[in-house]
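J.: Sequence below, structure please.
(4 chains)
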Amino acid sequence: MSDAKARMIARAAREIAPGMVVNLGIGLPTKVVDHLAAGFPVCLHTENGMTGIGPSLPPDRADRNLIDAGGAYVSPVPGSAYFDSAASFALVRSGRLDLTMLGAFEVSQNGDLANWKIPGKFSPGAGGAIELAQKARRVVVLTTHTDRAGQPKLLQRCTLPLTARGCVARIFTDMAVIDVTPQGFALREIAEGLEPEQVIAATGAPLCLPEGDLPRF
Amino acid sequence: MSDAKARMIARAAREIAPGMVVNLGIGLPTKVVDHLAAGFPVCLHTENGMTGIGPSLPPDRADRNLIDAGGAYVSPVPGSAYFDSAASFALVRSGRLDLTMLGAFEVSQNGDLANWKIPGKFSPGAGGAIELAQKARRVVVLTTHTDRAGQPKLLQRCTLPLTARGCVARIFTDMAVIDVTPQGFALREIAEGLEPEQVIAATGAPLCLPEGDLPRF
Amino acid sequence: MTTLPDKSAAMEDAVAAIPDGATVMLGGFGVPGTPFALIRELVRQGQKDLTVIKNDANEQGMGVDHLLASGQVRKLITTHIGLNPRAVAMLNAGEIEVEFCAQGILAERVRAGGAGLSGVLTDIGIETELAKGKQVVEVDGRPALLERALRADVALIHADCADPFGNLAYVATARNFNPMMAMAANLVIAEAEKLVPLGGIAPDQVHTSGAFVDRVVELQSVSEEYGVVRR
Amino acid sequence: MTTLPDKSAAMEDAVAAIPDGATVMLGGFGVPGTPFALIRELVRQGQKDLTVIKNDANEQGMGVDHLLASGQVRKLITTHIGLNPRAVAMLNAGEIEVEFCAQGILAERVRAGGAGLSGVLTDIGIETELAKGKQVVEVDGRPALLERALRADVALIHADCADPFGNLAYVATARNFNPMMAMAANLVIAEAEKLVPLGGIAPDQVHTSGAFVDRVVELQSVSEEYGVVRR
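T.: Just a heads-up that it's a prediction; the model follows:
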């Protein structure tokens, strides 16, 4: 992982406040947990039916019946609970999930999220993404700022089928921390070594800059 | 209890076939269980959240947390299960209840049942009666043939608010066993010592008599 | 490794968060599962104008009846109040409003609220007076009643065993409405006969995940109200 | 005292009751909770033209994939098939029909079937392409999608532990869709890693009452398919 990505993940971990119930989406978000202090009070949820996720386990130490929604073998913590898929999404839809961190193909300046389908190329079904995006009290996105071809993923409008409308509050990228505001994207923090002009150039929509200092991460 | 009532209950017990899931309503129906042989294979259900009901217990031997829907203290059997009220009525509504035995204020000749409300006199709410009556695969009624004033409870039409329409298949009374058929009430069996004319006189709707012998109970 | 948040609270503080006018769900079917101690504290604090959602009205001198006697209840959403003559008398006198549901439909409406659904569709009661005023929706050509989800400001839950995170385990028929109500309120307060350390309930044996629960109160003693009723 | 009925059965006989054209629910989320042995037997017996309802299509060479490879599946109702390239290829080639649901909505649709409801109302997916073709119902002035209940002819369930009556206990995240599916089919066949005598599962620890279950099959061994996947 690039140093910038690693710092993005460490920065995103600070988004988690004590006492929260948090779902970390498949991919980069699951790595956020490694940046939480020992004894930090939080409830990690996985939609296949568990609260209280402990560290991931390698295959030789894994319990064959204990995975997260991405198929990684995980461990319990004292106080873990297992439940069925209906109860698990009841928790999500009824507002008990304080925060979810999701990946993205595209995010629009009004907070629309596209992260499950690329017509003609990738249509595996949305799994639990729609409910997480639509119903978590706060949805933040972790993503590279641009795609593999260098094209911006933060756009005026999404071009791909949406996961949910207007759901994203904040975006953590390898370049910046950006909020979705009624006025569109607002730059909040910038990665070490970058200038705002570079973030603006890599973003497919207008970016409001703050007055005064721009914190570094 | 009168001898005729006791024989009614014993006769009703023969309605239960091996392997059934059965809900016995509050009152007379709960006494049916005393007439099942030891080791008889049946699953007794109570809608407050239990399958596998064993014998009732007196207060000094009761478990304060283990009651049936009528508030009687009951015991478990090997293989009992406890569950919540949503699961309990899921069982009822999804067709897993083979048989329920209910009390009645009135039954009409097309099988309508009224057993929960007497406007102006008795309006405590229906509890679980509507779902039991509407969704058990077979609904039978246990009742005295007439009310305390000697008036028939088996009628052409119910006068009281209905519990469910066309739900009753068979009625056990202290006088007779009567089926609800497309042609109305049909007398199937008669209590020891009675003549068909007496049953006809006590019934508020036409009664079809069988050709040939009328079994006694 | 992270740890699960601690939600243990004092009964007085937990109940003090309930405002006048609140909608309050109460677990229990008859005696088992009724949060008698939390109800007593609610009576002591005297919040008024409550809408109470509970399967039944308990019996006279117990549980919900204390709230009725103290005049704290404006409306009761329930399935059966036949064992409480005071509830029936107050209904008949117009001193409380009562909304009756079929029992399993009350369970489903509460569960729907707890599951973030708008409602459920069912044919239960479709040709009875319970259907009055309810929207009818066709599903695959057959009519169904729209039963709206129920949520509450507060749910008062009785558990046999809890840990400080709020994981709950119920016992026997004291489970009844508690698991659904524990999902369906903005503030979920659970009283428990035993408070065990984190990990004290095996993860497969938790009936309600603590993620649904806001406050856990340990009962210092189990009063007579919880006992066997001698009729 | 009465006794609970015995539903233990041989796997071959239990699966033989599934006809061609059946709708079959399969428990499991990835490996945990997937009834691999029952699926193997279904492949061996070769019933055709099946509609399969399962959270996912497993991975290639496992579970559902065997049914796809043998051409027994006409339609798949699922939430995500991304880990099975064969399923994606068959979808793209039009060799199977695939209906996608949001994951929690699949759980609710199956549960609604198991709870004897016609459907549930939800705003999930309401402004996305998943809303296409679905009836919109207003609830308290807000639009909701009507999600129809799902029932099946047969459900194949994996449990950790069962008794002869069919009481089931699941373990860890192998629970997932199994409890809802075990309520939602006309014929419910459960395989269990351990068959214990009646009373071998404490009544408070039963996850699915045997009243929902028709046949119980004890696994003679737990094959490699149930094991840890090394990627």
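J.: and after the helix of greatest length in chain C, which helix or strand comes next?
T.: Ranked by residue count and defined by DSSP state H, the top helix of chain C is helix C:103-114. Remark: after helix C:103-114, the chain's next helix or strand is strand C:119-122, criterion DSSP states H and E.
J.: how far out from the middle of the chain is that following strand?
T.: 20 Å (Cα atoms, centre = their mean, to the nearest Å).
J.: and the very next helix or strand once past it, how far out from the chain's middle?
T.: Following strand C:119-122 in sequence order, the next helix or strand is strand C:136-139 (DSSP H and E). Relative to the mean C-alpha coordinate of its chain, strand C:136-139 is positioned 29 Å out (Cα atoms, centre = their mean).
J.: Kindly report the same for stretch A:139-159.
T.: That offset, for stretch A:139-159, works out to 13 Å (Cα atoms, centre = their mean).
J.: Kindly indicate whether the residue in chain A that chain D sits nearest to is helix, strand or coil.
T.: Minimum separation of chain A from chain D (Cβ to the nearest Cβ) falls at A:F89, amounting to 2.5 Å. Yep, even glycine has a C-beta here, placed from its N, CA and C like the rest. Three-state call for A:F89 (DSSP: H, G, I helix; E, B strand; the rest coil): helix.
J.: How about the contacts made by it?
T.: Applying Cβ atoms under 8 Å, 6 or more residues apart in numbering or on different chains to A:F89 gives the contacts A:E47, A:G128, A:E131, C:A115, C:G116, D:Q103, D:G104, D:I105, D:A107, D:E108.
J.: from memory the second one sits against D:L106, does it?
T.: In other words, A:G128. No - counting by Cβ atoms under 8 Å, A:G128 sits too far from D:L106 to count as a contact (9.8 Å).
J.: list the residues that contact both of the two?
T.: Common neighbours of A:G128 and D:L106 (Cβ under 8 Å, 6+ apart) are D:T79.
J.: Now do C:G104 against B:A126, distance only.
T.: In this structure, C:G104 lies at 11 Å from B:A126, with Cβ to Cβ, to the nearest Å as the measure.
J.: Now do the contacts for the residue of chain C found nearest chain B.
T.: Proximity of chain C to chain B (Cβ to the nearest Cβ) peaks at C:G104, 2.5 Å away. Contacts for C:G104 were tallied using Cβ under 8 Å, 6+ apart; they are B:E47, B:S85, B:A86, B:S88, B:F89, B:A90, B:V92, B:R93, B:G128, B:E131, C:I124.
J.: Nearest to chain A among those?
T.: Using Cβ to the nearest Cβ, those come closest to chain A at B:A86, 10.3 Å.
J.: Quick check: the residue of chain A nearest chain C.
T.: Counting by Cβ to the nearest Cβ, chain A gets nearest chain C through A:R93, at 2.6 Å.
J.: Tell me how many other residues surround the nearest residue to that residue once chain neighbours are set aside.
T.: Excluding the flanking residues, the one nearest A:R93 by Cβ to Cβ, 6 or more residues apart in numbering or on different chains is C:G116, at 2.6 Å. Neighbours of C:G116 under the rule other Cβ atoms under 10 Å in any protein chain shown: 26.
J.: where does chain C come near chain D, residue by residue?
T.: C:108, C:112, C:115-123, C:135, C:137, C:139-140, C:142, C:144, C:146, C:148, C:169-172, C:203-205 (Cβ under 8 Å from any Cβ of the partner chain).
J.: if you set the cut-off to 7 Å instead, what comes out?
T.: C:108, C:112, C:115, C:117-123, C:137, C:139-140, C:144, C:146, C:148, C:171-172, C:204-205 (Cβ under 7 Å from any Cβ of the partner chain).
J.: From these, list just the buried residues.
T.: Among the residues of chain C next to chain D, those classed as buried by 16 or more other Cβ atoms under 10 Å in any protein chain shown are C:108, C:112, C:115, C:117-123, C:137, C:139, C:144, C:146, C:148, C:171-172, C:204-205.
J.: near chain B, from these?
T.: The residues of those that also fall near chain B, by Cβ under 7 Å from any Cβ, are C:E108, C:V171, C:A172.
J.: Would you reformat those residues as a markdown table and include pLDDT and distance to D:F36?
T.: Converted to a markdown table, these look like this (pLDDT from 0 to 100; distance: Cβ to Cβ, whole Å):
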| residue | pLDDT | distance to D:F36 |
| --- | --- | --- |
| C:E108 | 98 | 33 |
| C:V171 | 98 | 35 |
| C:A172 | 98 | 35 |
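J.: Where do the helices of chain A begin and end?
T.: With DSSP H applied, chain A shows helices at A:3-13, A:85-93, A:129-135, A:196-201, listed in chain order.
J.: Just the pLDDT for A:G212.
T.: On pLDDT, A:G212 comes in at 87.
J.: what's stretch A:177-193 in contact with?
T.: Contacting residues not belonging to stretch A:177-193 are listed as A:4, A:7, A:11, A:109-111, A:154, A:168-171, A:174-176, A:196, A:199, A:203, A:205-210, A:214-217 [Cβ atoms under 7 Å, 6 or more residues apart in numbering or on different chains].
J.: all helices for chain C, in order.
T.: In chain C, helices defined by DSSP H lie at C:11-16, C:36-45, C:64-69, C:85-92, C:103-114, C:178-181, listed in chain order.
J.: How about the most centrally placed residue in chain C: what's its closest non-neighbour residue?
T.: Chain C has C:L26 as the residue nearest its centroid, 2.5 Å off, counting by Cα atoms, centre = their mean. Distances taken as Cβ to Cβ, 6+ apart put C:K54 closest to C:L26, at 4.1 Å, once the chain neighbours are dropped.
J.: Ok, C:V43 next?
T.: Distance criterion Cβ to Cβ, 6+ apart; nearest residue to C:V43, sequence neighbours excluded, is C:H66 at 4.7 Å.
J.: ok, the residue nearest to A:R93 touching A:A136?
T.: No - in this structure C:G116 lies outside contact range of A:A136 using Cβ atoms under 7 Å: 11.3 Å.
J.: Which single residue of chain A ends up nearest chain B?
T.: A:A86 (10.3 Å).
J.: what's the distance between the nearest residue to that residue once chain neighbours are set aside and D:V24?
T.: Distance criterion Cβ to Cβ, 6+ apart; nearest residue to A:A86, sequence neighbours excluded, is D:A107 at 4.2 Å. Distance, D:A107 to D:V24, by Cβ to Cβ: 17 Å.
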